[in-house]
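# Show me the folded form of this:
(one chain, ligands or ions: 1)
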Amino acid sequence: MVKDLVCGMMVDQKNPPAQTLYKGQMYYFCSMDCKVKFSEDPEKYLKAREKEEKDKKAED
Ligand SMILES: [Zn+2]
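Have a look, this model is predicted:
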């Protein structure tokens, strides 16, 4: 399972409702809506994920 970066839902990458290729990396989404939102501003969602991962490390 992989995380839908837009809404945070877990998505089965073997049978994703929607997916998109960005900078050579495949991203998976729970719906076309989330894919469209990601496509409109991919960097926003990628930065949000980076921040989330940093925050997690800070907690350790
Ligand atoms: Zn979603």
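
# longest helix anywhere in this structure?
helix 42-59 (DSSP state H).

# and that helix, what other elements does it pack with?
On a contact count with 3 or more Cβ pairs under 8 Å, 6 or more residues apart in numbering; DSSP states H and E, helix 42-59 meets no helix or strand. Backbone N, C-alpha and C define where each C-beta goes, glycine included.

# in this structure, which helix or strand is least confident?
helix 42-59 (a mean of 90; mean pLDDT, DSSP states H and E).

# Which positions within that helix qualify as buried?
Going by neighbour count (16 or more other Cβ atoms under 10 Å), the buried part of helix 42-59 is 42, 45-46.

# so, in contact with the ion or not, that helix?
No: on the criterion Cβ under 5 Å from the ion, helix 42-59 is out of touch with the ion, staying 10.5 Å away.

# Name the residues that touch that helix?
3, 5-6, 22, 37-38 (Cβ atoms under 8 Å, 6 or more residues apart in numbering).

# at 10 Å what do you get?
3-6, 8, 20, 22-23, 25, 27, 34, 37-39, 41 (Cβ atoms under 10 Å, 6 or more residues apart in numbering).

# With stretch 25-36 instead?
1-21, 37-39, 42, 45-46.

# residues from this structure in reach of the ion?
Residues of the chain lying near the ion (Cβ under 5 Å from the ion): 4, 6-7, 9, 30, 34.
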